[in-house]
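**Q** okay, here's the prediction I keep looking at, along with the sequence it came from:
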Amino acid sequence: NAGVTQTPKFQVLKTGQSMTLQCAQDMNHNSMYWYRQDPGMGLRLIYYSASEGTTDKGEVPNGYNVSRLNKREFSLRLESAAPSQTSVYFCASGRGSDTQYFGPGTRLTVL
Amino acid sequence: AQRVTQPEKLLSVFKGAPVELKCNYSYSGSPELFWYVQYSRQRLQLLLRHISRESIKGFTADLNKGETSFHLKKPFAQEEDSAMYYCALSGLQGAQKLVFGQGTRLTINP
């Protein structure tokens, strides 16, 4: 099992460009999550999906949209990237209140 | 509001010495507390959770509701314990919305 996979690993964008971060899990988990990690701030929840067909805002949703494409896939979209969105993005999945399993992360730089 | 505070950004101890990583939380209900660890060039992974009452890699953590703390302890640090440690809290059943602390980078000196 690959667990949680994320693409791309690295990305550089110019201000105003758009992109989609992809996440997939092969553990048959119901819940999936997107976090961002910034120095000195830990990880902060952007959006989550408790089950296929549902999505909800987390702590820092502004500037992002998500799609729960199916049970396996949960994508994060930046419609108009800003320098403040420079961060490392982590996707995670889990069975509700159980342990969360994290992907390797995407390092995004917005110039 | 849910909040997790890890007061030490950096912690350095010598091999064989005891180590304690501090975690304090703010939550009005009954929280679920976790410690996650990220070793160099590896993914963030669960180290332990308070409801399991396990000792993982020699680490233990006790939930103290009176002091609202969940400190991580190990009596004898090993070099392979060097990593970034995050304390996290969840108060929602169903989808587990984790609130993370700022993290503590632990360095074990030989």
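**A** Yep, that arrived.

**Q** which parts of chain A sit against chain B?
**A** A:31, A:33, A:35, A:40-45, A:48-51, A:56, A:58-59, A:90, A:94, A:96-105 (C-beta under 8 Å from any C-beta of the partner chain). Any C-beta I mention is one placed from the backbone N, CA and C, and that applies to glycine too.

**Q** ok, now how distant is the residue nearest to the spatial centre of chain A from A:Ala2?
**A** For chain A, the residue nearest the mean C-alpha position is A:Trp34 (3.1 Å; C-alpha atoms, centre = their mean). Using C-beta to C-beta, to the nearest Å, one gets 18 Å for the distance from A:Trp34 to A:Ala2.

**Q** which helix or strand lies directly C-terminal to whichever helix or strand the residue nearest to the centre of chain A is part of?
**A** Counting by DSSP states H and E, the element that carries A:Trp34 is strand A:31-38. Moving toward the C-terminus from strand A:31-38, the next helix or strand (DSSP H and E) is strand A:42-49.

**Q** run through who's touching that next one.
**A** A:31-38, A:55-61, A:64, A:66, A:68, A:74, A:76, A:89-90, B:4, B:6, B:44, B:86, B:95, B:97-103 (C-beta atoms under 8 Å, 6 or more residues apart in numbering or on different chains).

**Q** buried subset of these?
**A** Neighbour counting with 16 or more other C-beta atoms under 10 Å in any protein chain shown marks A:31-37, A:55, A:58, A:60-61, A:64, A:66, A:68, A:74, A:76, A:89-90, B:4, B:6, B:44, B:86, B:95, B:97-103 as buried within the contacts of strand A:42-49.

**Q** got any ranges where the chain has weak pLDDT?
**A** No chain in the question, so chain A it is. For chain A, the stretches flagged by pLDDT under 70 are A:97.

**Q** try chain B instead
**A** Using pLDDT under 70, the flagged stretches of chain B are B:92-95.

**Q** can you show me the strands along it?
**A** With strands called from DSSP state E, chain B shows them at B:3-5, B:10-14, B:19-21, B:24-26, B:32-38, B:45-49, B:60-61, B:72-74, B:83-90, B:98-100, B:104-109.

**Q** adding distance to chain A, write the ones you listed out as JSON lines.
**A** Below are the strands of chain B laid out as JSON lines (distance: least, C-beta to the nearest C-beta, whole Å):
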{"stretch": "strand B:3-5", "distance to chain A": "8"}
{"stretch": "strand B:10-14", "distance to chain A": "11"}
{"stretch": "strand B:19-21", "distance to chain A": "13"}
{"stretch": "strand B:24-26", "distance to chain A": "13"}
{"stretch": "strand B:32-38", "distance to chain A": "7"}
{"stretch": "strand B:45-49", "distance to chain A": "5"}
{"stretch": "strand B:60-61", "distance to chain A": "15"}
{"stretch": "strand B:72-74", "distance to chain A": "15"}
{"stretch": "strand B:83-90", "distance to chain A": "6"}
{"stretch": "strand B:98-100", "distance to chain A": "4"}
{"stretch": "strand B:104-109", "distance to chain A": "10"}
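
**Q** tell me the most buried of these?
**A** Greatest average neighbour count among those goes to strand B:98-100 (a mean of 24), per mean count of other C-beta atoms under 10 Å in any protein chain shown.
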